[in-house]
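Engineer: below: sequence and its predicted model.
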There are 2 protein chains.
Amino acid sequence: MSIGDVQALTFDVFGTVVDYYSTIRSEGERLAQQKGLQIDWGAFALAWRNRYNPFLQRVEQHELPWTKLDTLHRLALEEVLSEFQITHLTEEEKVQLNRVWHRLQPWPDSVAGLIRLRQKFVLATLSNGNVALLTNMAKYSSLPWDCILSAELVRAYKPNPAVYQMAIEFLDLPAEQIMLVAAHPYDLLAAQSHGFKTAFIPRPLEYGPQSDPHPDSTPNPSFDVVAHDMIDLAHQLGV
Amino acid sequence: MSIGDVQALTFDVFGTVVDYYSTIRSEGERLAQQKGLQIDWGAFALAWRNRYNPFLQRVEQHELPWTKLDTLHRLALEEVLSEFQITHLTEEEKVQLNRVWHRLQPWPDSVAGLIRLRQKFVLATLSNGNVALLTNMAKYSSLPWDCILSAELVRAYKPNPAVYQMAIEFLDLPAEQIMLVAAHPYDLLAAQSHGFKTAFIPRPLEYGPQSDPHPDSTPNPSFDVVAHDMIDLAHQLGV
């Protein structure tokens, strides 16, 4: 089957659709003003996100029981607060800070691109975020999903095969009629191994403007589409 | 907790949000014109829907393995076609007719009411329809869900407790902050037994204008809200 047969687009969310680095930095800076903190909030954002994969690994390797991403974010937050020697936040302030993942801002092209893509395709998340996180984020940032698909539905994290198989089952389409859109080659390669079509959107600013190393933006030749943003993706998919 | 603490509204869909009787009758009449059939399509719609509960029962009692509602609709359709002596539909025509459940029209108040309610609440389906059915219907009929929650996610049909518990888990809210909106007392009573708030919207035309018996429109005194339609519900919930 060709790209012209694709019926549904599924999306990685963190980094691909929304910009966690800038959102966390901005919210952190506002909090710092209130609390009189001197922190490099860009570094804070990256330190928090860098704990993401190790925590997911611990769940996938059954060192931890199934745990929602909200809760893993909170466990990681405690470590990062300690690392940055931030010791005087109230419980309410920590809850509010942890909920920043529900308020992540879209990249400037995301909403406009998704609105165009939605005219032709079913749009679903396919994210490690839990259902409530993804639902609240969509409401907060006006992301026009038709359907929230989450790792939480199968209690396994990408790239666990169960997550991709779940999308095939619930969208009730052959894998070849589903495309994964992501900024991360590992995710696309996993989806491809289950038969999905793939669209790669490099997000060079995912780790911020001065990041070193930069995100991997080399498209694998096997990817079906390489687009520079969501609007370009809509254009390439004929919407 | 009071009604003022409700954060998310979950909705029964068939009969409560959409009008299967009129949609099936209209689509049937169009098909009849093409095929030269003389059928009472209102009676056909009811005969099809009347097979719904017996088929769900067979799944719930493990006489059938887990089966998506799309497939149960197709099994029931074969029986109804036989009952109405419709013998000359092609496979493609049957597939198209069975997909009418993906194209059900909303009651006249539904979309306007949901748009208002969405300003204040998370709106999720809580339906026995499978995920693809509910997602396609929302797209076709412009139902502004924030999240598709389906019996399919837990492979059990309402009023199985697993379905209500799933909503609590995935919305990540205490049951008392979730309201079920439904036209069917049995569904509301089941939700209530799990701690949900309840809103009853009688739909006297669910089985068509001449139905006998009429749908049960007697509110149980324990229901938190009784509304005559979705717009009235929005009004009563302060949106």
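Structural biologist: Arrived safely, thanks for sending.
Engineer: okay, now the closest residue to A:A151 other than its chain neighbours: neighbour count?
Structural biologist: Sequence neighbours aside, A:N128 is the residue nearest to A:A151 in space, at 4.6 Å (criterion: C-beta to C-beta, 6 or more residues apart in numbering or on different chains). In this view, the C-beta of every residue, glycine as well, is placed from N, C-alpha and C. By other C-beta atoms under 10 Å in any protein chain shown, 26 other residues sit near A:N128.
Engineer: am I right that A:N128 is in contact with A:Y157?
Structural biologist: Yes. Counting by C-beta atoms under 8 Å, A:Y157 is a contact partner of A:N128 at 5.0 Å.
Engineer: now do the shared contacts for those two.
Structural biologist: Common contacts of A:N128 and A:Y157 (C-beta atoms under 8 Å, 6 or more residues apart in numbering or on different chains): A:L56, A:A151, A:V163.
Engineer: flag every residue of chain A that's near chain B.
Structural biologist: A:68, A:70, A:122, A:124, A:130-132, A:135-136, A:138-139, A:146-148, A:150, A:152-153, A:170-173 (C-beta under 8 Å from any C-beta of the partner chain).
Engineer: do you know the pLDDT at the residue located most distally from the centre of chain A?
Structural biologist: Farthest-out residue of chain A from its mean C-alpha position, per C-alpha atoms, centre = their mean: A:G36, at 30.8 Å. Here, the pLDDT recorded for A:G36 equals 87.
Engineer: now do the contacts for it.
Structural biologist: Listed by C-beta under 8 Å, 6+ apart, A:G36 has no contact partners.
Engineer: how close does it get to A:I86?
Structural biologist: From A:G36 across to A:I86, the span is 11 Å (C-beta to C-beta, to the nearest Å).
Engineer: returning to what we had before: the residue nearest to A:A151 and A:A8: what is the separation?
Structural biologist: Distance of A:N128 to A:A8, computed by C-beta to C-beta: 19 Å.
Engineer: ok, A:L77 next?
Structural biologist: For A:L77 relative to A:A8 (C-beta to C-beta), the value is 34 Å.
Engineer: and what of A:G238?
Structural biologist: Distance from A:G238 to A:A8, by C-beta to C-beta: 15 Å.
Engineer: neighbour count: these two, which is higher?
Structural biologist: Neighbour tally, A:G238 and A:A8, criterion other C-beta under 10 Å: the higher count belongs to A:A8, 23 against 8.
Engineer: how about that one, what does it touch?
Structural biologist: Taking C-beta under 8 Å, 6+ apart as the test, what A:A8 contacts is A:F121, A:V122, A:L123, A:A124, A:L171, A:L173, A:Q177, A:I178, A:M179.
Engineer: now, which of those lie within strands?
Structural biologist: A:V122, A:L123, A:A124, A:I178, A:M179 (DSSP state E).
Engineer: in TSV: those, plus distance to B:E60 and neighbour count.
Structural biologist: TSV is the format used below for these (distance: C-beta to C-beta, whole Å; neighbours: other C-beta atoms under 10 Å in any protein chain shown):
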residue	distance to B:E60	neighbour count
A:V122	29	23
A:L123	32	21
A:A124	28	23
A:I178	30	25
A:M179	36	25
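Engineer: could you dump these to CSV with distance to B:V100 and pLDDT?
Structural biologist: Output for the ones in strands among the contacts of A:A8, formatted as CSV (distance: C-beta to C-beta, whole Å; pLDDT from 0 to 100):
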residue, distance to B:V100, pLDDT
A:V122, 18, 98
A:L123, 23, 98
A:A124, 23, 98
A:I178, 24, 98
A:M179, 28, 98
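Engineer: which residue sits closest to A:H194 in space, ignoring its chain neighbours?
Structural biologist: Using C-beta to C-beta, 6+ apart and skipping residues adjacent in sequence, the residue nearest A:H194 is A:Y164, 4.3 Å away.
Engineer: tell me the pLDDT at the closest residue to A:V18 other than its chain neighbours?
Structural biologist: In space, and not counting its chain neighbours, A:V18 is closest to A:L104: 3.8 Å by C-beta to C-beta, 6+ apart. We have a pLDDT of 98 for A:L104.
Engineer: wouldn't A:L104 be in contact with A:T23 here?
Structural biologist: Yes. If you go by C-beta under 8 Å, A:L104 and A:T23 touch, sitting 4.8 Å apart.
Engineer: of the two, which one has the most company?
Structural biologist: Shown here are A:L104 and A:T23; by other C-beta under 10 Å, A:L104 has more neighbours (24 against 18).
Engineer: tell me where the model's unsure across chain A.
Structural biologist: A:1 (pLDDT under 70).
Engineer: got the domain ranges for it?
Structural biologist: A:3-19+A:105-236, A:20-102 (automatic domain parsing).
Engineer: okay, those domains, which one's buried deepest?
Structural biologist: Highest mean neighbour count of the domains of chain A: domain A:3-19+A:105-236, a mean of 20 (counted as mean count of other C-beta atoms under 10 Å in any protein chain shown).
Engineer: do me a favour and get the end-to-end distance for it?
Structural biologist: One end of domain A:3-19+A:105-236 to the other measures 10 Å (C-alpha to C-alpha, to the nearest Å).
Engineer: before we move on, what about stretch A:199-212?
Structural biologist: Start-to-end span of stretch A:199-212 (C-alpha to C-alpha) is 25 Å.
Engineer: likewise for stretch A:58-74?
Structural biologist: Taking C-alpha to C-alpha, the span from the opening residue of stretch A:58-74 to its closing residue is 15 Å.
Engineer: how about stretch A:102-121?
Structural biologist: Terminal residues of stretch A:102-121 lie 25 Å apart, using C-alpha to C-alpha.
Engineer: for the residue farthest from the centre of chain A, give its distance to A:L81.
Structural biologist: 16 Å.
Engineer: go on, A:R155?
Structural biologist: For A:R155, the distance to A:L81 (C-beta to C-beta) stands at 28 Å.
Engineer: and A:D172, by the same measure?
Structural biologist: A:D172 is 44 Å from A:L81, by C-beta to C-beta.
Engineer: at which residues are the strands of chain A located?
Structural biologist: Under the criterion DSSP E, chain A contains strands at A:8-11, A:122-127, A:147-150, A:178-182, A:197-200, A:225-226.
Engineer: tell me the strands beside the third one, with direction?
Structural biologist: I take that to be strand A:147-150. Strand A:147-150 pairs in its sheet with strand A:122-127 (parallel), by DSSP bridges.
Engineer: the strand it pairs with to strand A:178-182, inter-axis angle?
Structural biologist: With axes from the mean of the first three to the mean of the last three C-alpha atoms, to 10 degrees defining the directions, strand A:122-127 sits at 50 degrees from strand A:178-182.
Engineer: show me the contacts for the residue lying closest to A:A124 once chain neighbours are set aside.
Structural biologist: Among residues not flanking A:A124 along the chain, A:C147 sits closest, at 4.2 Å (C-beta to C-beta, 6+ apart). The contact partners of A:C147, by C-beta under 8 Å, 6+ apart, come to A:V122, A:L123, A:A124, A:T125, A:F170, A:L171, B:V131, B:T135, B:I148.
Engineer: export these as a markdown table, with columns for distance to B:Q96.
Structural biologist: Conversion of those to a markdown table gives the following (distance: C-beta to C-beta, whole Å):
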| residue | distance to B:Q96 |
| --- | --- |
| A:V122 | 19 |
| A:L123 | 24 |
| A:A124 | 24 |
| A:T125 | 29 |
| A:F170 | 22 |
| A:L171 | 19 |
| B:V131 | 20 |
| B:T135 | 18 |
| B:I148 | 23 |
